[in-house]
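[1] what's the 3D shape of this:
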Amino acid sequence: MKRSCAIVLALLAGCAVGPDFKRPEPPALESYTPEPAPAAAGEQRFAQGADIPAQWWTLFHSAPLNALVEQSLKANPGLQAAEAALRVAQETYLAQRAALFPSVEASFSPTRQKVPDALTSPLNSGASVFSLHTAQLTVSYAPDVFGGVRRQVESAGALAESQRFQLQAAQLALTANVVLAAIQEAALRAQVEATEAVVKIEAEQVELMQRQLELGAIAESALIAQRTALAQAQATLAPLRRQLAQQRNLLAALAGRFPSEDIGQGFELSALALPTELPLTLPSKLVEQRPDVRAAEAQLHAASAQIGAATASMLPQFTINGNVGSVATALGALFSSGSGFWALAANVTQPIFQGGALVHRKRAAEAAYDEAAAQYRSTVIGAFQNVADTLRALQYDAEALNAAADARSLAKDSLGIARRQLELGDISYLALLGAEQAYQQAVLAHVQAQASRYADTAALFQALGGGWWNRE
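    Got it, this is the predicted structure:
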């Protein structure tokens, strides 16, 4: 009979109530957009199914950018906080797992006491004043018959896994933010230079028209209009300089430094290389590569395990307790013959009535699972949207950059013609200044189009997961 009971308990110990988690199937999609993904965007080519390098930012071929990214990965406090959060989750999981094993405690209790003379002494000697020294070892164990503890451990492990992917997501966001901030700084610096050139041209036009007004060649209204154009150009310069200064502060903060600390040389668009070979993950693989999707999946796993834990709390709970030790009136007599004692006890508790608390806790766990499932699906949809957005952006960036390059080239040719015409006396100096202003405006538009393409290229690497799996 005892052997049969032991076998039954052993079999039960191998079971865990509640649902066993199964990973969601990836979306059965063949493309990120309604039509097949483009094979190219301008001179950039998409490599279907190609892997993403762990250090994808090195594809921009900028040593200062590589150094700043590495510095940020080492010193960014937000990333350090995410690393600490992962250690918290891992230690919490290990602490939860300890509940699967028996707990053992050792104790030693020396006492000195006196009993009234009218009462019988507990000692054979009959002494009313005596000392007792008790040393014992206590063992307690709660067999996880229905798997409630294992489900709690499973949930804690899934939460630790979620935190691990959240750390990967934080690293990806940090590297992408550094790259994007560097590109934006380079674009702002180029815009400041182009705007300063426009302001210089506008100022020269004001001086020229002032002389023409003094000679009676133009009306005063024309000079006022030109001064207005100069003021408008100057008004756009201060905000650009402010944004450039703030961008430098942002780069310092991302690198874990204070704004007053130097982060090295400034970035120039001309010093960045545009990656021409862009990996494009297959849609069926995207959910494996996106750390935010993997974190949401781990959260779903943790919620699934909590259903089992809530179910197990409604079933009988078993405990086994035992202790062994020695008691003596003298310390030296401990563990001598006849001083030992032991006890062994078992207990089983079946919840009967708790005001419906256990039932509602289980229903709450099931609702939490439904919530996590919806959040997981939302994260997956968002991941596919990110990729589709960046693919579209790169496609139209190429068109915009080509148009801006053509406009810059035409404006440059027009400026060259204007200069030759001025040498021949065919046009006035004022017309030349107009051609120079048009060229600088074209340069400004080209810079903005170029920066957008660099930024969207970085965004594609981020949308595809950033190659974190190649760093492990």
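[2] Leu269 contacts Ala190, doesn't it?
    Yes: using Cβ atoms under 8 Å, Leu269 makes contact with Ala190 at a distance of 5.7 Å. Using the backbone N, CA and C atoms, a C-beta is placed for each residue, glycine as well.
[3] need the overlap of contacts for the two.
    Shared contacts of Leu269 and Ala190, defined by Cβ atoms under 8 Å, 6 or more residues apart in numbering, comprise 447, 451.
[4] pick out whichever of these two has more residues nearby.
    The neighbour comparison of Leu269 against Ala190 (other Cβ atoms under 10 Å) goes to Ala190, with 21 against 17.
[5] state the phi and psi torsions of the more buried one.
    phi -70, psi -40 (degrees, to the nearest 10).
[6] without its sequence neighbours, what residue ends up closest to it?
    Excluding the flanking residues, the one nearest Ala190 by Cβ to Cβ, 6 or more residues apart in numbering is Val447, at 4.2 Å.
[7] helix, strand, or coil at the one you found?
    Look at Val447: counting by DSSP: H, G, I helix; E, B strand; the rest coil, its state is helix.
[8] surely it and Leu188 touch.
    No: under the criterion of Cβ under 8 Å, Val447 makes no contact with Leu188, lying 9.2 Å away.
[9] show the pLDDT at the residue of the chain positioned farthest from its centre.
    Among the C-alpha atoms of the chain, the one most distant from their mean position (Cα atoms, centre = their mean) is that of Ala118, at 74.9 Å. pLDDT for Ala118: 70.
[10] I'd like to know how far it sits from Ser128.
    To Ser128, Ala118 is 10 Å away according to Cβ to Cβ, to the nearest Å.
[11] and for Ala28?
    86 Å.
[12] between the two, which one's more packed in?
    When neighbours are counted by other Cβ under 10 Å, Ala28 and Ser128 differ, and Ser128 comes out ahead with 15 against 7.
[13] residues in contact with the more buried one?
    Counted by Cβ under 8 Å, 6+ apart, Ser128 has contacts 114-117, 121.
[14] wait, which of those residues is closest to Ala407?
    Set against Ala407, the nearest of the contacts of Ser128 by Cβ to Cβ is Lys114 (105.1 Å).
[15] how about the contacts made by the closest one?
    Residues in contact with Lys114 (Cβ under 8 Å, 6+ apart) are 128-130.
[16] next one: phi and psi at the residue farthest from the centre of the chain?
    According to degrees, to the nearest 10, Ala118 has phi -70, psi -20.
[17] secondary structure element holding the closest residue in space to Leu159 that isn't next to it in sequence?
    In this structure, Leu159 finds its nearest non-sequential neighbour in Ala302, 4.9 Å apart by Cβ to Cβ, 6+ apart. Using DSSP states H and E, Ala302 maps to helix 291-312.
[18] swap in Ala459?
    Ala459 belongs to helix 429-463, assigned by DSSP H and E.
[19] and stretch 406-416, how far out from the chain's middle?
    Relative to the chain's own centre, stretch 406-416 is displaced by 45 Å; criterion: Cα atoms, centre = their mean, to the nearest Å.
[20] buried residues in it?
    Buried residues in stretch 406-416, counted by 16 or more other Cβ atoms under 10 Å: 407-408, 411, 414-415.
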